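Q: model the following, please.
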Amino acid sequence: MNIKNLKSNAKVIALGLACALLYSCGESKTTETETGDDLPDTDTVKAVAINVGGKLFSIPSPIQTALLVQKSGINYDKSILNPGNKNGEYTSDFSRALNLGIYGADLGYVSMYNQTQDALGYLTALKSLADKLGVSSAFDQTTMKRINDNISNKDSMLVLVGLAYRASDAYLKTNKRTEISSLILTGGWIESLNFSLNAYKAKATDEIKYRIAEQKQALTSIIDLLKSHELAEAADLIKDLEDLAKVYETITTKYTFVEPTTDETKKVTYINSTTEITVTPEQLNEIGAKVTALRNKIINVK
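A: Below is the predicted model:
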């Protein structure tokens, strides 16, 4: 793979990989690539739906949060990220999976700000952890050749890396390692919340405040997901997440149902119901303190 081409397309690759390593990028319409392949279209910023005990829950993609932060006019801040050169410190599958999720979110963040050199560093960190977890074996030669052949085609790149994710996800499930996927998801969610909290300190907007406050259901889903695997290593992690959940329980929400309306001409139905969230500065501070402490445990393995 030509390094010059890689650098010039780092943002495209990074966005795709950040989504790919954390979530399956759903399929919709097909698109034609330079090579003539019919490939499913993908969306790297949609929330992911996970099934916990037969119930579906939605967890925001870290790319959504990175995009919100970038659009808020907040300057790029590398200090809030987990340094990519620390990847060698993670020696257990447990810490590797959590930090793979964190690095995936970090990769999306640096890409949003067009930080090509930093993106390349996180790509290296991600590949190192993926190799050690055994995930990289799912990226077969055919897929990698297609990625190389389409490196200058942004849309095709996002699609192809999405396909590579599904290969790795299938690999983990086939080998009964779904707990690894769960830990990657958890790491990505924690890092995206870290983005929001730091962004709010830099620029206290209502949109970012509500993004932090609305994570209550996502947190509940993550706790249930981790508990379903009964991992002994995850006991402290679950306890810390449950402590965080207690703070979220004090945040009040008010749901107001309004009948949906349908535009028959456009064949579009509009949801008009609203949810009002009330969160205090004290609650935000407490959430911030707990997330910082939890994240520090994950990224600073002793």
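
Q: quick one: secondary structure of the residue nearest to E259 when sequence neighbours are not counted?
A: Nearest non-adjacent residue to E259, counting by Cβ to Cβ, 6 or more residues apart in numbering: N272, 6.8 Å away. To be clear about C-beta, it is placed using only N, CA and C from the backbone, and glycine gets the same treatment. Here N272 is recorded as coil under DSSP: H, G, I helix; E, B strand; the rest coil.

Q: and the longest helix anywhere in the chain, what does it pack onto?
A: As assigned by DSSP state H, the longest helix anywhere in the chain is helix 178-202. Judged by 3 or more Cβ pairs under 8 Å, 6 or more residues apart in numbering; DSSP states H and E, the packing partners of helix 178-202 are helix 10-22, helix 62-71, helix 93-112, helix 154-174, helix 206-213, helix 216-229, helix 281-299.

Q: report the buried residues of the last one.
A: Residues of helix 281-299 classed as buried: 283-284, 286-288, 290-291, 294-295, 298-299 (neighbour count, 16 or more other Cβ atoms under 10 Å).

Q: now those residues in JSON lines, please, with extra columns for distance to K239 and pLDDT.
A: What follows is the buried residues of helix 281-299, written out as JSON lines (distance: Cβ to Cβ, whole Å; pLDDT from 0 to 100):
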{"residue": "Q283", "distance to K239": "20", "pLDDT": "95"}
{"residue": "L284", "distance to K239": "22", "pLDDT": "95"}
{"residue": "E286", "distance to K239": "16", "pLDDT": "97"}
{"residue": "I287", "distance to K239": "16", "pLDDT": "97"}
{"residue": "G288", "distance to K239": "19", "pLDDT": "96"}
{"residue": "K290", "distance to K239": "11", "pLDDT": "98"}
{"residue": "V291", "distance to K239": "14", "pLDDT": "97"}
{"residue": "L294", "distance to K239": "10", "pLDDT": "97"}
{"residue": "R295", "distance to K239": "15", "pLDDT": "97"}
{"residue": "I298", "distance to K239": "14", "pLDDT": "97"}
{"residue": "I299", "distance to K239": "18", "pLDDT": "97"}
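
Q: from these, which is closest to A232?
A: I298 (16.8 Å; Cβ to Cβ).

Q: what sits closest to that closest one if chain neighbours are left out?
A: Per Cβ to Cβ, 6+ apart, closest to I298 is L98, 5.0 Å.

Q: quick check: that neighbour touching I184?
A: Yes - using Cβ atoms under 8 Å, L98 is in contact with I184, at 7.5 Å.

Q: point out where the stretch 201-302 of the chain drops to low pLDDT.
A: Along the stretch 201-302 of the chain, the model assigns pLDDT under 70 to residues 273, 302.

Q: which non-adjacent residue is nearest S95?
A: In space, S95 is closest to V301, 5.0 Å off (Cβ to Cβ, 6+ apart).

Q: near that neighbour, how many other residues are there?
A: Counted with other Cβ atoms under 10 Å, the neighbours of V301 add up to 15.

Q: please identify the helix or strand for it.
A: For V301, there is no host helix or strand (DSSP states H and E).

Q: ok, residues contacting stretch 96-104?
A: Residues from elsewhere that reach stretch 96-104 (Cβ atoms under 8 Å, 6 or more residues apart in numbering): 17-18, 21-22, 62, 82, 84, 86-87, 90, 122, 125-126, 129-130, 132-133, 135, 179-180, 183-191, 237, 295, 298-299.

Q: redo that, cut-off 7 Å
A: For stretch 96-104, the external contacting residues (Cβ atoms under 7 Å, 6 or more residues apart in numbering) are 18, 21-22, 62, 82, 84, 87, 90, 122, 125-126, 129-130, 132-133, 180, 183-188, 190-191, 298-299.

Q: stretch 270-278 now?
A: Here stretch 270-278 has contacts from 210, 213-214, 251-261, using Cβ under 7 Å, 6+ apart.

Q: a markdown table for the residues you listed, including secondary structure?
A: Below are the contacts of stretch 270-278 laid out as a markdown table (three-state DSSP):
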| residue | secondary structure |
| --- | --- |
| Y210 | helix |
| A213 | helix |
| E214 | coil |
| I251 | coil |
| T252 | strand |
| T253 | strand |
| K254 | strand |
| Y255 | strand |
| T256 | strand |
| F257 | coil |
| V258 | coil |
| E259 | coil |
| P260 | coil |
| T261 | strand |
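
Q: right, I'll leave it there.
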